[in-house]
Each structure stands twice: as C-alpha cells, then as structure tokens.
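K.L.:
Output the structure for:
(chains A and B)
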Number of protein chains: 2
Amino acid sequence: MRGIIKLPEAVSIKSSAAIVGKLENEGPLGKYFDMHEDDLYFGQDSWEKAESEMSRRTLGVMLGKIGRKYEDLDLIVAGDLLNQCIASSFGILESGAPFLGLYGACSTFAESIITGSALCAAGYIENCAAMASSHFCTSERQFRFPVEYGGQRTPTSQSTVTGCGGFFLERGNEPPFVTECVIGKITDAGIKDQNNMGAAMAPAAADTILRYFNTSGRSPSEFDIIATGDLGQEGHELADEIIKNNGLDLGDKFKDCGFLIYDLANQDVKSGGSGCGCSATVTASYFMDMLKNGWNDVLVIGTGALLSPVSVFQKQNIPSVAHLVHISNKNPKVGG
Amino acid sequence: MRGIIKLPEAVSIKSSAAIVGKLENEGPLGKYFDMHEDDLYFGQDSWEKAESEMSRRTLGVMLGKIGRKYEDLDLIVAGDLLNQCIASSFGILESGAPFLGLYGACSTFAESIITGSALCAAGYIENCAAMASSHFCTSERQFRFPVEYGGQRTPTSQSTVTGCGGFFLERGNEPPFVTECVIGKITDAGIKDQNNMGAAMAPAAADTILRYFNTSGRSPSEFDIIATGDLGQEGHELADEIIKNNGLDLGDKFKDCGFLIYDLANQDVKSGGSGCGCSATVTASYFMDMLKNGWNDVLVIGTGALLSPVSVFQKQNIPSVAHLVHISNKNPKVGG
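P.N.:
Residues are numbered from 1 along each chain as shown, chains lettered A, B, ... in the order given. Sure, this is the predicted structure:
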C-alpha cells in the first residue's frame, strides 16, 4: 500500500492565509496575498525573527478570518528551511497549541497538509493549522552566501520566496476539501549542483505524479491545475519530459508555483521561486481564490531537495522528495 | 480536544532495533542493544555519514528480525538533530519507501511513534518504521565546538548519545502496542543557557505528563516506568518538582533515559545522555526487553529543546516540547 491515501472523512480548508515580502507582492500574484511587508525585517531585528514574525501573522490572519482563537487550535503542524526549524517553533510559540514539527525541505507545506488532514480525518483531532515558511535572506545566508556578499547567481539557480502560507483544516462539509494524498519517496538523481535543485527534484516530482495517475485512474483533464512546488523553469521542463517518457501527458495543466509567483522576464529571479514559502503562499492564496471562482480540482506537488551545506561539502548527491495533495470542491463523503 | 490521542485500532510494535556507539555499549544498558561499533565513524569517512550508516543498519536489523524487506515498508517516519535532517534522509535513501521527515529535536522518536502509529491505526498505511538518531560528534561540532577543540563542559551539560533506535509498527494483535499519545505544546521557561537544556525542557515534560494524568484518570502506580527522554539529572529533578507542585507524585517510577543509559558516577557524561538517540535506543532496547519480561506498561516522554546555534547567538530563549507515548502489553481493542 504505497499509493494514494484517501481521507475517509471530508476535511475542509476552512481558512487560508498567505503573507509575503516585497518582491512576491510585486509579482503577478500580488493581489491574491493577504498581506505583504516591504521591509524584509518585518519590524524585527534579524531575518530569522522576521521569518517567525511572518508565521505568527499568518496564523493570526488565518484564525481571524473565521473568528477562531489560539485556544481553539487542536494542533499546529509546521516547518521551514532553517536549521532546527526555528522559524516555525518561535513563530507559533505564543499560541500554546500542541505542535508537530516537520522537515520536508521545500515540500513541507504539502507534508503538513497531509499530516494534519490525515489526523483530522481519523478523528484524533477536530482541527489543525498546517503551515510552512521561507525567507530569502535567512535561506541565502544559511545555504549560500550572506546577502551582503552580492554573489553572482547561475541561470539555473532559483530565488527563495519570502512568505508564509497556511491552511486551517477541520472536518466539515464546506468546500474546498483535502481529499487525497501521496507521500513521496526519496529519490536520488545523482545531481550534486546546489544551484540546480530543479534538476535534483524533477525525478521525485515525476515519481509521485506517476504513482498518483497510475493508481487513481484519473486523467489530467479532470484538474484545473497540476502544480509542482518549486521546480523552476529548468526542473519543470525536466519533470515534464520524464513524465511524458513514461506515457503520461499533463498538457498545459502542468505548472510550477516557482514560475507562477514571479514575472520571470522582468523580475531578477533566474529560474523562478523556491523555498517552503513558494508552494505554501501560492496554494494558500491564488489556488484557494480560484477554487472559489470556477476551479474545482487542484493537484499540488510539494517538492523538496534534501541537502544541507554539510552534505554538499562532503560531496554527497542531492536526494529529493515530493508529496502530492489533491484539493477539490467535491465532497469525498458524498461521492461528488 | 487537546488531550490524549487514543488509537482506535491496536498498533503492534512488531520489531525494534537499537544500534549504539562505544560509550553507550559500555554503559549499564550495553547488553540490551542489538549492535554497537567501537569506531565512531562506523566505517564511513565523516561523522555525518556515520550517523546515516547507523540509521541504515538499524532499519536493516529491524526488518531482518521479522523477515521483512524494504519493499514491504509502507512508510518511514524519521528525524535527527542535524541541519536539514540529513542523517535520516541519507540513511533511509536506499529503502525506496515513502518518507515523512520530522523535526522535534530530541523528542523526535516519540513524535515519529505518534505520527506513524496514528497513520497505521487509521488504516492509511499497513505498517511503518519510526526512527530517530543522534551522534556525539555530529552534534558537538554543529551545536557546540568541534570535538578536537576539547572544550570544558559545565556540570549541567549533557552528552549526546551516539545511537539510532527504531520501531516497526503494524496493525495487529501481538503485544506490545502503542495505545495512547499526547502531542506536546511548545513551552518557554525563559532559559537561555544551552549548557542547561534539562532546565529548558523540564516545564515541557511536566506540562505533557500533567495533561496525561489529569485527563486519563490513571495513576502512576499503573506503570512500570515513566521515563522522560533526556532531561538529565538536573532537568529531571526540576520536572519532578514542578509535577509535585501540581499535586502529582510519580514516585520512584519516574526516571530519565539520559541517566539510565550511562553510569553517571563512572562515565564522564556530566548530567547524563541527550539527543534523539537517547530515548530512541533506550526505548527500542531496554524497555522493549522489559516488556517481554514482566513489565506491562511504559510511558515514554520524548523531550526536545527547540534551539539552534543561530537562535542562541540572537539571544533567544530555548523553547521546548515533550511528546508522550504509552506502550502497553494490553490490547486496547479488547479493553485489556
């Protein structure tokens, strides 16, 4: 049983929120985000604290939209890219809610939706917040160079999204619903170039997407969008090629949050956006808005490169993982 | 509903394994571990790779004991202390199994048991491996000083356990079972001293233990042991005091894996063992052995300090979390 997890009870996405930085707000999806801040410090005195502040605000906005409070939360499942996931743990500290920390690199938002909605659907909890964040400056200094260094970027490199996205999940009959999930396997394509993570992640995305379509019997035409998390232009083309070579054509439904969030021709982001915050903010804003206005079925495939600076220094490959979530307006309980 | 998660189906611990380093093997629990290696490199050329190798072997031994193969695994849930959790992701890479990465600092083994057994009990998966590891040398150089530096240690400091522990979980009627879980809340006791993590974690452990006993109606006398993960001597005394101040006396049932694993009088480990591997190896070896030989009920409370070197440099407090797991020989399905 390594296929699709079908949730036995309808889990509603009761509320969602996405908060981003300046560059993301200036991009093509700017109008969909709940809030943005032009100051990358978000009023804090370090970038790490800024990322936590983004998480704190996202949780607050998400709860505020449906008149809920911290005390109403049964669980928070969240993660980020920082060492020891401090953006999340400090960000949600005040809430006093039970907390499961996750690490799935940039696939973390999908991982948190899977974990949170699976626990809700089984009746262990009534509700939960599923969240993920990233910040350009914390990522740059941790994984690459301090921002002040002004290092040149290669064309295949991507730009970490400054943003946090979240879902408030609860059993109920109000669409949209989290209906199906596929947990990713770690794949290793032999890529060692940390400036080409799209190529490292493409085989993981392809494996998960192929497992979904081969098991579900569904056709890509049933979906309004099939979006990978942050493969970028390079990685997305590779994933498309692998999937086509395996006999499946996703056609023009196949997109990537990494090139939806920015205007690649006019914003200097090279191959596109990356980071946990990329798929989290695009899913929690644009996709949710479209699901209220005509779309019915969305497949999000969170993609994560499981490297660390130490593993790169030690000349290890970059293994990757991709988790899939099917969000639908059709209630799975009534066979809709 | 922030209390106890009771698993609706019996989840068996079909197999367990624990592999440790030299110091742990020389300690009082040496005879309970499945394997040890005197060479801290475990035949690899870096400590990080050594930690992955420990995970790989633990998974192999765990599967081998029950004649299972990688292909039989529905899921692996695992985590460790390394930046971006590379010990786990590289360690389980070959298995090709679906993977959920967790980060709960030293509480990760309890977190992985909770997540894995909850998914099994709900019927999403048939089985899973729940694992966690730590390594003295990878932790020292990442969180403190390179080992070669030979820094003096304070009396309240702890010694990271070199070890990996794991459970193979599957629905079934063969004891012991994972029966109840409590997911921890992040607590912040205002501690800033990273050489006194026991003090930082004690309030989190106390909160989780008090929530369990206040909700379950059980008495400490029903358990053969109530063991925190790695509070060490200092932190364990503090937790005991907080719990007593709240009207609950755990008596001599209350222990800590951090002082069970070493001979504190004769091994130079200061306040005791720490790290994900501490509660993982003690639970997966000694506790499992005792459950086969007279014990019936074990409470393990994984304790995690959610700090990073960056959060310490930025003068942030050390928030903590503690997750509880009740392991019992009594089948929860038959009201045993």
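
K.L.:
C-alpha from now on. contacts and neighbour counts both.
P.N.:
Fine.

K.L.:
how about A:Val182, phi and psi?
P.N.:
phi -130, psi 120 (degrees, to the nearest 10).

K.L.:
Pull the contacting residues for it.
P.N.:
A:Gly3, A:Ile4, A:Ile5, A:Thr208, A:Tyr212, A:His323, A:Leu324, A:Val325 (C-alpha atoms under 8 Å, 6 or more residues apart in numbering or on different chains).

K.L.:
what's the domain layout of chain A?
P.N.:
According to automatic domain parsing, chain A comprises the domains A:10-171, A:177-328.

K.L.:
for the closest residue to A:Phe177 other than its chain neighbours, what are its contacts?
P.N.:
Leaving out its chain neighbours, the residue that sits closest to A:Phe177 by C-alpha to C-alpha, 6 or more residues apart in numbering or on different chains is A:Ser12, at 4.5 Å. With contacts defined as C-alpha under 8 Å, 6+ apart, A:Ser12 is in contact with A:Leu169, A:Glu170, A:Arg171, A:Gly172, A:Asn173, A:Glu174, A:Pro175, A:Pro176, A:Phe177, A:Val178.

K.L.:
nearest spatial neighbour of the fourth one, skipping sequence neighbours?
P.N.:
Just to be clear, that refers to A:Gly172. Per C-alpha to C-alpha, 6+ apart, closest to A:Gly172 is A:Ser12, 5.5 Å.

K.L.:
likewise the third one?
P.N.:
Distance criterion C-alpha to C-alpha, 6+ apart; nearest residue to A:Arg171, sequence neighbours excluded, is A:Val11 at 4.3 Å.

K.L.:
Quick check: bridge partners of the one you found?
P.N.:
With DSSP bridges as the criterion, the beta-bridge partners of A:Val11 are A:Arg171, A:Val178.

K.L.:
same deal with A:Val300?
P.N.:
Here A:Val300, judged by DSSP bridges, has bridge partners A:Ala227, A:Val325.

K.L.:
Need the per-residue pLDDT for the closest residue to chain B within the stretch 201-336 of chain A.
P.N.:
Using C-alpha to the nearest C-alpha, the single residue of the stretch 201-336 of chain A nearest to chain B is A:Ser308, 5.7 Å away. What the model reports as pLDDT for A:Ser308 is 95.

K.L.:
from memory it sits against A:Phe143, does it?
P.N.:
Yes: at 7.3 Å, A:Ser308 and A:Phe143 qualify as touching, with contact defined as C-alpha atoms under 8 Å.

K.L.:
which one of the two has more residues nearby?
P.N.:
A:Ser308 (22 against 18; other C-alpha atoms under 10 Å in any protein chain shown).

K.L.:
residue contacts, the closest residue to the more buried one other than its chain neighbours?
P.N.:
Excluding the flanking residues, the one nearest A:Ser308 by C-alpha to C-alpha, 6+ apart is B:Gln84, at 5.7 Å. Neighbour list for B:Gln84: A:Leu81, A:Leu82, A:Asn83, A:Gln84, A:Tyr103, A:Ala105, A:Leu306, A:Leu307, A:Ser308 [criterion: C-alpha under 8 Å, 6+ apart].

K.L.:
can you check A:Asp224 too?
P.N.:
Applying C-alpha under 8 Å, 6+ apart, the residues near A:Asp224 are A:Lys253, A:Trp295, A:Asn296, A:Asp297, A:Val298.

K.L.:
Just the ones in strands from these, please.
P.N.:
Using DSSP state E, A:Asp297, A:Val298 are the members of those that sit in strands.

K.L.:
that older thread, JSON lines for the contacts of B:Gln84, including secondary structure?
P.N.:
Shown next, in JSON lines, are the contacts of B:Gln84 (DSSP: H, G, I helix; E, B strand; the rest coil):
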{"residue": "A:Leu81", "secondary structure": "coil"}
{"residue": "A:Leu82", "secondary structure": "coil"}
{"residue": "A:Asn83", "secondary structure": "helix"}
{"residue": "A:Gln84", "secondary structure": "helix"}
{"residue": "A:Tyr103", "secondary structure": "coil"}
{"residue": "A:Ala105", "secondary structure": "coil"}
{"residue": "A:Leu306", "secondary structure": "coil"}
{"residue": "A:Leu307", "secondary structure": "coil"}
{"residue": "A:Ser308", "secondary structure": "coil"}
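
K.L.:
which one of those residues sits closest to A:Ile225?
P.N.:
Checking these against A:Ile225 by C-alpha to C-alpha gives A:Ala105 as the nearest, at 22.7 Å.

K.L.:
one step back: any idea how far the residue nearest to A:Phe177 is from A:Asn173?
P.N.:
7 Å (C-alpha to C-alpha, to the nearest Å).

K.L.:
Same check on A:Gln194?
P.N.:
Taken as C-alpha to C-alpha, the span from A:Gln194 to A:Asn173 is 43 Å.

K.L.:
can I assume A:Ala200 is in contact with A:Leu306?
P.N.:
No: taking contacts as C-alpha under 8 Å, A:Ala200 lies outside contact range of A:Leu306: 9.5 Å.

K.L.:
Can you pull the residues that touch both of the two?
P.N.:
A:Ile318, A:Pro319, A:Ser320.

K.L.:
Among these, name the ones in strands.
P.N.:
Those of the shared contacts of A:Ala200 and A:Leu306 lying in strands (DSSP E): A:Ser320.

K.L.:
Of the shared contacts of A:Ala200 and A:Leu306 - the most surrounded one?
P.N.:
A:Ser320 (32 neighbours).

K.L.:
still on that earlier bit, including neighbour count and secondary structure, could the contacts of A:Val182 go into a markdown table?
P.N.:
As requested, the contacts of A:Val182 are exported to a markdown table (neighbours: other C-alpha atoms under 10 Å in any protein chain shown; DSSP: H, G, I helix; E, B strand; the rest coil):
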| residue | neighbour count | secondary structure |
| --- | --- | --- |
| A:Gly3 | 20 | coil |
| A:Ile4 | 20 | coil |
| A:Ile5 | 19 | strand |
| A:Thr208 | 25 | helix |
| A:Tyr212 | 22 | helix |
| A:His323 | 33 | strand |
| A:Leu324 | 30 | strand |
| A:Val325 | 24 | strand |
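
K.L.:
pLDDT added to those, as JSON lines?
P.N.:
Below are the contacts of A:Val182 laid out as JSON lines (pLDDT from 0 to 100):
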{"residue": "A:Gly3", "pLDDT": "86"}
{"residue": "A:Ile4", "pLDDT": "95"}
{"residue": "A:Ile5", "pLDDT": "96"}
{"residue": "A:Thr208", "pLDDT": "98"}
{"residue": "A:Tyr212", "pLDDT": "98"}
{"residue": "A:His323", "pLDDT": "98"}
{"residue": "A:Leu324", "pLDDT": "98"}
{"residue": "A:Val325", "pLDDT": "98"}
